[in-house]
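Enquirer: Build the 3D model from these lines:
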Amino acid sequence: MSEELEELREALGSALITDATALEATRADKSGHRSAGLPLALVEARTIEHVQAALRWASAHGIPVVPRGAGTGLAGGANAGPGELVISTERMTRILEIAVDDELAVVEAGILNGDLNAALEPHGLWFAPDPASRTISTIGGNLATNAGGLMCVKYGVTREAVLGLTVVLADGRVLRLGHRTVKGVTGYDLTALFIGSEGTLGIIVEATLALRRRVPGEVATVSAAFPDVEAAARASAAISRSGIRPAALELLDASSLEAIGELLDLELGGRGAQLLIRTDGPGSQAEADAVLEIVRAHGGEAELARDAAEGERLFEMRRAFHPAMERRGTVLIEDVAVPRSALPAMFAAITRIEREHGIRIPTVAHAGDGNLHPNFVFEPEGDGEVPERVWAAADEMFQECLRLGGTLTGEHGVGLLKRRWLAQELGDDTVELQRHVKAVFDPAGILNPGKIF
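Expert: Numbers count the residues shown, from 1 in each chain. Have a look, this model is predicted:
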């Protein structure tokens, strides 16, 4: 293979990396799952032409390709192993255009979500999708998994904020999909198809994003403590049922609060659960007052943050959940979603599974849209793999989620870690049809093989 790699090096120069340390980093993501060995090489693409050259070479030699951004995924979707070529867009970080009047931006795939919003702020604009990983995750990765986040309950997930994409196919061809207009229904919606496809159809290199104007108005934050997580979930469902649409509605259980308190040196232990509710816009104060009434009617002790700064500190506490879990040991970070009305039942099921299997499962939720993140804390086996008893508990949780009308993944994707359950949710016929769709875009099957299917 060394001769073939030299051919690729001639095309890419210093963008081709074979250093073992750099390759080692591509074997894993934030899920903790690690591949069996080092990939063949890493392409640190800086231009669309780099991506094209690498894919043409891979197609010619039948080399499997793993697209990768910042490696912050939680399902093993960007993990690379022996014999595979990694194509990273992490260095493609330019903002190509900010069109203030049209409320859109054209960006490369490697820009961080948080950096984009920092650049948009002086223009009075913002990109609404708000994953908890916003300071470390790239727009390309957000697109590949259709990332959600804290504020998607009101402002939508990533797919709803994308007008168009530039994608490189497995054979090196470039597709320019979508449009710059608010409306557009010419042909099939291939833009939406690529969002959430986890690098199995093509590599996203640029995106045209729909932005929002920063509307003047107060932001109000309510913090509410409950005796147990089921009571907090019932209050959350009542808030949703009331017609109030918070900008964010987050739920943290007792184990989560204890771990966050340890990390941030705060007194959070002893609480059964906590809701954090943010309202925004001209009616934010009236909505916050209504939320306070609902919370108290459901047995919660609620208070309104004194100002926006205090409210932001409360939400930074929520964003500290994953670092807090990392301090606890090895964690399998899961991602299921149920209808909002089923949230209390899903939390009750997690509590039961935790007790019956003897496994700690600290859980937080984007409660406003029914998306839960149960974290299975365990001691890894000798090879670093997740023990079967943990998978058995996870399997029981997935079955309960599906029974309640939910889905196996709300925003993290299928990747490597959830393939075994895919057909249970979608059905064999749908899975087979999706394989046929992939074959249209990637007939040789070189793009992210083994992921999703």
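Enquirer: and residue 208, which of the three is it?
Expert: In the three-state summary, residue 208 is assigned as strand, counting by DSSP: H, G, I helix; E, B strand; the rest coil.
Enquirer: so which helix or strand takes in the closest residue to it other than its chain neighbours?
Expert: Leaving aside its chain neighbours, residue 208 sits nearest to residue 164 (3.9 Å; criterion: CB to CB, 6 or more residues apart in numbering). Placement of C-beta: from N, CA and C, glycine included. Per DSSP states H and E: residue 164 is located in strand 162-168.
Enquirer: quick one: strands adjacent to that strand?
Expert: Here strand 162-168 has these sheet partners by DSSP bridges: strand 174-178 (antiparallel), strand 203-210 (antiparallel).
Enquirer: Give me the contact list for the longest one.
Expert: This means strand 203-210. Contacts to strand 203-210, defined as CB atoms under 8 Å, 6 or more residues apart in numbering, come from residues 45, 48, 51, 55, 65, 67, 87, 89, 92, 96, 103-109, 127, 139-140, 143-144, 160-168, 178-180, 182, 194, 447.
Enquirer: May I see the PyMOL selection of the buried members of these?
Expert: Per 16 or more other CB atoms under 10 Å, the buried members of the contacts of strand 203-210 correspond to this PyMOL selection:
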select buried, resi 45+48+51+55+65+67+87+89+92+103+104+105+106+107+108+109+127+139+140+143+144+161+162+163+164+165+166+167+168+178+194+447
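Enquirer: got any ranges where this structure has weak pLDDT?
Expert: The model of the chain has pLDDT under 70 over residues 1, 382-384.
Enquirer: Could you list the domains of it?
Expert: Recorded structural domains for the chain (assignment: automatic domain parsing) are 2-88, 95-213, 219-403.
Enquirer: Using JSON lines, please lay out those domains together with distance to residue 413.
Expert: Below are the domains of the chain laid out as JSON lines (distance: least, CB to CB, whole Å):
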{"stretch": "domain 2-88", "distance to residue 413": "5"}
{"stretch": "domain 95-213", "distance to residue 413": "4"}
{"stretch": "domain 219-403", "distance to residue 413": "8"}
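Enquirer: closest one to residue 428 among the ones you listed?
Expert: Of all those, it is domain 219-403 that lies closest to residue 428, at 15.1 Å by CB to CB.
Enquirer: Could you work out the end-to-end span of that closest one for me?
Expert: Start and end residues of domain 219-403 are separated by 37 Å (CA to CA, to the nearest Å).
Enquirer: chain center to it, what's the gap?
Expert: On the basis of CA atoms, centre = their mean, to the nearest Å, domain 219-403 sits 16 Å off its chain's mean C-alpha point.
Enquirer: Can you say which of the strands paired with strand 162-168 is packed in most?
Expert: strand 203-210 (a mean of 25; mean count of other CB atoms under 10 Å).
Enquirer: by contact count, what packs against the helix or strand just after it?
Expert: Heading C-terminal from strand 203-210, the first helix or strand you meet, by DSSP H and E, is strand 212-213. Using 3 or more CB pairs under 8 Å, 6 or more residues apart in numbering; DSSP states H and E as the contact criterion, the elements in contact with strand 212-213 are strand 125-126.
Enquirer: For the strand it packs on, which helices and strands make contact with it?
Expert: Short answer (3+ CB pairs under 8 Å, 6+ apart): strand 125-126 packs on strand 212-213.
Enquirer: Repeat the analysis, applying 6 Å as the threshold.
Expert: For strand 125-126, not one helix or strand is in contact under the criterion 3 or more CB pairs under 6 Å, 6 or more residues apart in numbering; DSSP states H and E.
Enquirer: Report the strands that pair with it, each with its relative direction.
Expert: Counting by DSSP bridges, strand 125-126 is paired with strand 212-213 (antiparallel).
Enquirer: Go ahead and name everything in contact with the strand it pairs with.
Expert: The contact list for strand 212-213 (CB atoms under 6 Å, 6 or more residues apart in numbering) reads 124, 126, 128.
Enquirer: any chance of these in JSON lines, with neighbour count too?
Expert: Converted to JSON lines, the contacts of strand 212-213 look like this (neighbours: other CB atoms under 10 Å):
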{"residue": "124", "neighbour count": "14"}
{"residue": "126", "neighbour count": "18"}
{"residue": "128", "neighbour count": "20"}
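Enquirer: can I get the CA coordinates of the strand holding residue 164 in PDB?
Expert: C-alpha atoms of strand 162-168 as PDB (Å, rounded to 0.1, in the frame of the first residue of the first chain):
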ATOM      1  CA  VAL A 162     -30.200  24.500   6.500                       C
ATOM      2  CA  LEU A 163     -31.000  25.800   3.100                       C
ATOM      3  CA  GLY A 164     -28.300  24.100   1.000                       C
ATOM      4  CA  LEU A 165     -25.200  21.900   1.000                       C
ATOM      5  CA  THR A 166     -22.100  21.300  -1.000                       C
ATOM      6  CA  VAL A 167     -21.300  17.600  -0.900                       C
ATOM      7  CA  VAL A 168     -18.500  15.500  -2.400                       C
END
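Enquirer: outside of that strand, which residues touch it?
Expert: Residues from elsewhere that reach strand 162-168 (CB under 6 Å, 6+ apart): 51-52, 55, 174-179, 191, 194, 202-208, 210.
Enquirer: got it, and stretch 309-316?
Expert: Here stretch 309-316 makes contact (CB under 6 Å, 6+ apart) with 221, 223, 276, 305.
Enquirer: swap in stretch 242-250?
Expert: Here stretch 242-250 has contacts from 150-151, 153-154, 276-280, 287, 290, 318, 367-368, using CB under 6 Å, 6+ apart.
Enquirer: same thing but at 7 Å, please
Expert: The contact list for stretch 242-250 (CB atoms under 7 Å, 6 or more residues apart in numbering) reads 150-151, 153-154, 236, 239, 276-280, 287, 290-291, 294, 318, 364, 366-368.
Enquirer: cool, stretch 15-32 as well?
Expert: Residues outside stretch 15-32 that contact it (CB under 7 Å, 6+ apart): 8-9, 34-35, 38-39, 41-46, 50, 68, 71-76, 78-81, 86, 330-331, 333, 417.
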